[in-house]
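S.K.: got a predicted structure plus its sequence, pasted below:
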Amino acid sequence: MGPNSLAFLSAGFGAGLAVIGAGLGIGKLAAAAMEGSARQPTAAGDIRTSMIIAAALIEGATLFAIVVTLLLAIKA
């Protein structure tokens, strides 16, 4: 097992943690949006728009984290 294999392993762990964090964040976001829509049905459109924007920001941060881990793995 050489130094490159440890870099690939750590990049895999980093990408996995980023995806798990994004999944948990988007799940919590969706649950809060559904609860808000259930409590205030007239504001469902505004809540949905805010939820989509926040989910896109979470996905963008996750994509950035995965790109960084892949670049670090390739550089090693």
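M.R.: Ah, there it is.
S.K.: and Val68, which helix or strand is it part of?
M.R.: According to DSSP states H and E, Val68 maps onto helix 44-75.
S.K.: now do that helix, average pLDDT.
M.R.: In this model, helix 44-75 carries a mean pLDDT of 92.
S.K.: got the buried residues for that helix?
M.R.: By neighbour count on 16 or more other Cβ atoms under 10 Å, the buried set for helix 44-75 is 47, 51, 54-55, 58, 62, 65-66, 69, 73. Where you see a C-beta, it was placed from the backbone N, CA and C, and this is true even at glycine.
S.K.: and the residue nearest the centre of the chain, what helix or strand is that in?
M.R.: The residue lying closest to the centre of the chain (Cα atoms, centre = their mean) is Ala22, at 2.3 Å. Counting by DSSP H and E, the element that carries Ala22 is helix 3-39.
S.K.: for that helix, what is the distance to the chain centroid?
M.R.: The chain centroid and the centroid of helix 3-39 are separated by 4 Å, computed with Cα atoms, centre = their mean, to the nearest Å.
S.K.: show me what that helix is packed up against.
M.R.: helix 44-75 (3 or more Cβ pairs under 8 Å, 6 or more residues apart in numbering; DSSP states H and E).
S.K.: now find how far off-centre the helix it packs on is within its chain.
M.R.: Remark: helix 44-75 is offset 5 Å from the chain centroid, using Cα atoms, centre = their mean.
S.K.: that one to helix 3-39, inter-axis angle?
M.R.: 180 degrees (axes from the mean of the first three to the mean of the last three Cα atoms, to 10 degrees).
S.K.: which elements pack onto helix 44-75?
M.R.: Counting contacts by 3+ Cβ pairs under 8 Å, 6+ apart, helix 44-75 packs against helix 3-39.
S.K.: now the helix it packs on: mean pLDDT?
M.R.: Rounded to a whole number, the mean pLDDT of helix 3-39 is 91.
S.K.: going forward, the N-terminal residue is numbered 130.
M.R.: Okay, residue one is now 130; in that scheme the one you just asked about reads as helix 132-168.
S.K.: return the set of buried residues in it.
M.R.: 136, 140, 143-144, 147, 151, 154-155, 158, 162, 165-166.
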